[in-house]
Each structure stands twice: as C-alpha cells, then as structure tokens.
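> Kindly return the folded structure for what I paste below:
(one chain, ligands or ions: 2)
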Amino acid sequence: MSVDADAQVLAGLDRWRTMSAGQQPHWPDLAELDAVTRKLALVPPLVFAGEADALRAQLGAAGRGEAFLLQGGDCAETFAEATADNIRNKIKTILQMAVVLTYGASLPVIKMGRMAGQYAKPRSSDEETRGGVTLPAFRGDIINGFEFTPEDRTPDPRRLLEAYHTSASTLNLIRAFTTGGFASLLRAHEWNKGFMANPAYARYEEIAAEIDRAIRFMAACGADFDALRSVDFYSSHEGLLLDYERPLTRIDSRTGLPYDCSAHFLWIGERTRELDGAHVDYFSRVHNPIGIKLGPASTADDALALIDKLNPTAEPGRITFITRMGAGKIRDRLPALVEKVTADGRPVTWVCDPMHGNGITSASGYKTRRFSDVMDEVAGFFEVHRALGTVPGGLHIELTGDDVTEVLGGSEEIDDAGLARRYETLVDPRLNHQQSLELALQVVELLRRS
Ligand code: PEP
Ligand code: MN
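Ligands and ions are numbered 1, 2, ... in the order given. Here you go, the predicted structure:
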C-alpha cells in the first residue's frame, strides 16, 4: 500500500473521536489516559490477524449451516477472578457443551469465550445512588472498581493496562489448555459421564449413552488424531471502550489492513449500535469478524443499514447478528428481520443470545433469569429459522464453570431462596456449570424434534 493510502487508513481509525460515542467513562485525568494509551499502542498484540481471518471463514461456514458457534463466558470478567481454577472451569464447561452440541448438530462447533477481555460494561445509568451518596456507576474492571467508594468508582486509566495484562495471562492459559491435551475430546467426554452420574439428569441418559457409543466406536476404529486432542478456542468481548480498542489495533503486515488485536471477535452491544455512532464507524474500519446485538426493537432496515456500513463487500463471516429478543418476543420479532435480511442476499450468521432479553428481578430482589425462559428463547430461535428455511448459526451464553446460584431453575431447581447461596456476579446472572450442560443437552433434544 502507498504511504498516502496508509495515512488514510490511520486517519480513518481516529474518525470515531469526532462522533458521538455512547457508554464511555468520564476520565478525570486525560493526561494519564494519554500516557496509558501510548503504552498500549506499543505492547504486543493479543491475537493475530491470521487467526481472526480463520475465525471469519468458520463463522461464514456457520452462516451456511456447515458449523455452529458456541460463545460463552461471564457477563463481566473481573481481574480478581482471572485465576487458573476459574479459567479452567470455564473452558471445561464450554468444551463439555461443545461435545454435546457437536454430536447433536453433527457439525463442527466453533468454540469462543466471552473471555480474555470482557471487562467493559454498558450501564443504564451513569451514576448510582446509595443512602444519599451518588457515585459513578460500575462500568467494569477496565474502567473502575465495584466497591461503592469514591476511590474505587472513579475511572482510572491505569486499569486499561491491567486489563491488557490480565487478558494476556488469561489467553496464555487458554492457549495452553486447548493445545496441551486438556481439551482432548475423550477427556471432555469423561467429564460429561461424571455429570450424568447425578440422578437429577436421568432425563438425558439416552443422549449420553448415544454419545458414549459414538465415541467408543471412534476409539475402536483407531481414531486418535491431533484434531481430537487440541481445539481452536477464540477470544471475544464487547468492543465498548474505544480508548482501549484503538491502541490495540494493528496494521497487518501481510495485507496492510487494520485488525483490532485485543480479541479475535468483537461485538457491538445493543446500546451502542447506532448507525451514525462512534462504535459502528470504528468497527467498520477493522477487519475482524464483528458481532452486533439486535434487541426486540430492531428493524430490518436497521439490520440492512448495518450491513451497508460493516460489510458492503458481502464477505461471509464478517457479520454475526446476535439476536436477544426475550422468550416472549422472539417468535413475533425475529421472522420479519430474518426474512428481509435473507432477501437482501448478503450473508450474515444468525446467533441466539437467550440471556439479555430475559432479565427479571426476583421477589427477594436478585437480578436473575429463569432457565425455562432461556430455553424457551432458544427453542423459538430454532423454530423461526426452521419455518423460514434459514440457518440457526449458534448460541451466545452467559455462563461460568462454577456452582454459582444466579439463574432460577434447571435440574437443581434453584429457587428464589436458593439464589442467596452463591450469587457472585457483579453484573448479569450466569448459568452455572450444571445449567450450562443441561442447556446443551436440551438443545440436542430440540434438534431431534426438528
Ligand atoms: C452483554 O452482552 O453483557 C450485554 C450488555 O448485552 P446487550 O448489548 O445485548 O444488552
Ligand atoms: Mn450481560
């Protein structure tokens, strides 16, 4: 590329600064922010452009029904919880679900964590008031602390560097776990057998027995190759904090094109996807595969205009629409959206987030969700796509590998009183380890019926 073209690309990457950017913090010290972002511009990338390209191709396959995406992890990661145990349990849960889904869908499952960078949160209000004291709302560990004190809640740019380093160590462990034997298919299958030993899961016995037979058959045939022993595991987070995403963007030396090297996949949230907003402009200029959340008020015209901006060349896998309608609305809202986007002809990958449209407050005051609503939205997603002859391309789930009690229901029958036992999330409630596996098993039941 010529020097002029390079200069143009770089100038474009800063265009968002002149536009309205929702959900950004008010940094009290801009000189410190500047010093931090200069450092971030020099650190090694967390992911490589070639990996993002490989993921884009796989997401394109998911859009055609040749693969299925499983994206999962915390609503908000925290620095304190980036421990080996936590990371291992989350990877383990996603891999266990992936085994079940691979069998159920008879498709390769693309494994992706809401991990190694999911630190910035959109909030409904800039401020929080408790007992007459008003402080900035918690916006995620990359911006401020959760404790309700002026020290913690004041946005601190040094947190951007901590987010980078914590993402790097998380990703390092993910890469080690998923290539060093831990991710072996046979091992994930053994974990699932442990889960099935629980009488609460008798309902899934038949599926579990089938998977077991399939795996024993493969083993008997001598199927013992590398593909079973290591997996590709991609990182993703909401591309919300532009002061972080911009300095981690690098020009790929192979192609001269910019990639946001903070993660393989970035998504634009429901609250920051305005067509003329800073986020859509920024992510239109980087070449990673991009997700966009679409809530119940989204129109087909919104979706088509987003395609115009983000994927004018109609590249498969570039755009994933993550719909999050709510169980009560998906059967009503999704069809028109899918129908019109499909008629347009440019490829998109449709993924279901059955979490964010199903929030409720429990009688005792916990922000929660019902497992049955989550499953109902997933069922609605498959029904709508089946009726239209379009492709359900994957699932986007808030989950953890631990035995928390944040979502109501599931085989463990967590009730309102039960939420208090281990409610740990700082933002949205997550499926626990058992509920996550149950979701995967119920998806297999749904696929059977189709
Ligand atoms: C999220 O994914 O945590 C989130 C805030 O989602 P949405 O943008 O769909 O509300
Ligand atoms: Mn969330």
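
> surely Asp243 meets Leu33?
Yes: Asp243 is within contact range of Leu33, at 6.4 Å (criterion: CB atoms under 8 Å). C-beta: built from backbone N, CA, C; applies to glycine.

> intersection of neighbour lists for these two?
Listed as contacting both Asp243 and Leu33 by CB atoms under 8 Å, 6 or more residues apart in numbering are Trp27, Pro157.

> if you count what's nearby, which of these two comes out ahead?
Neighbour tally, Asp243 and Leu33, criterion other CB atoms under 10 Å: the higher count belongs to Asp243, 21 against 18.

> Any chance of the backbone angles for that one?
With angles defined as degrees, to the nearest 10, Asp243 sits at phi -70, psi -20.

> Could you check the pLDDT of it?
Per-residue confidence (pLDDT) for Asp243: 98.

> who in the stretch 351-450 of the chain is up against ligand 1?
Where the stretch 351-450 of the chain comes near ligand 1, counting by CB under 6 Å from any ligand atom, the residues are His356, Asp428.

> Strands of the stretch 351-450 of the chain, start to end?
In the stretch 351-450 of the chain, the strands defined using DSSP state E, counting those that start in this stretch lie at 360-361, 367-368, 392-398.

> need the contact list for the residue nearest the centre of the chain.
Most central residue of the chain, judged by C-alpha distance to the mean C-alpha position with CA atoms, centre = their mean, is Arg114 at 4.1 Å. With contacts taken as CB under 8 Å, 6+ apart, Arg114 has the following neighbours: Gln71, Gly72, Gly73, Asp74, Cys75, Glu77, Ser236, His237, His396, Glu398.

> please redo it, this time with the cut-off set to 10 Å
Counting by CB atoms under 10 Å, 6 or more residues apart in numbering, Arg114 makes contact with 71-77, 90, 94, 235-238, 263, 265, 267, 396-399, 430.

> and what of Glu77?
With contacts defined as CB under 10 Å, 6+ apart, the neighbours of Glu77 are 86-87, 90, 113-119, 140-142, 163, 166-167, 170, 237, 426.

> what's the spacing between it and ligand 2?
Shown here: Glu77 relative to ligand 2, a distance of 11 Å by CB to the ion, to the nearest Å.

> Just the buried subset of the contacts of Glu77, please.
Buried positions within the contacts of Glu77, assessed by neighbour count (16 or more other CB atoms under 10 Å), are 86-87, 90, 113-119, 140-142, 163, 166-167, 170, 237.

> Restricted to helices, list the residues you listed.
In this view, these that belong to helices under DSSP state H are Asn86, Ile87, Lys90, Ala163, Thr166, Ser167, Thr170.

> The fourth one contacts Ala120, correct?
So the one you mean is Ala163. Yes: in terms of CB atoms under 10 Å, Ala163 counts as a neighbour of Ala120; the distance is 8.2 Å.

> what do the two both touch?
Overlap of the contact sets of Ala163 and Ala120 (by CB under 10 Å, 6+ apart) consists of Gly140, Asp141, Ile142, Ile143, His237, Leu241, Tyr244.

> who touches the spatially closest residue to the last one that is not a sequence neighbour in this structure?
Once flanking residues are discounted, Tyr244 sits nearest to Leu160: 5.2 Å by CB to CB, 6 or more residues apart in numbering. By CB under 10 Å, 6+ apart, the contact list for Leu160 reads 33, 36-37, 39-40, 119-120, 142-143, 241, 243-244, 247-248.

> Specify which member of those residues is nearest to His385.
The shortest gap between His385 and any of these belongs to Ala120, at 30.9 Å (CB to CB).

> what does the stretch 1-150 of the chain put close to ligand 1?
For the stretch 1-150 of the chain, the residues in contact with ligand 1 (CB under 6 Å from any ligand atom) are Cys75, Pro122.

> The residue of the stretch 351-450 of the chain found nearest ligand 2: how many residues sit nearby?
When CB to the ion is the measure, the stretch 351-450 of the chain has its nearest residue to ligand 2 at Asp428, with 3.5 Å between them. A count of neighbours around Asp428, defined by other CB under 10 Å, yields 18.

> With that, I have no additional questions.
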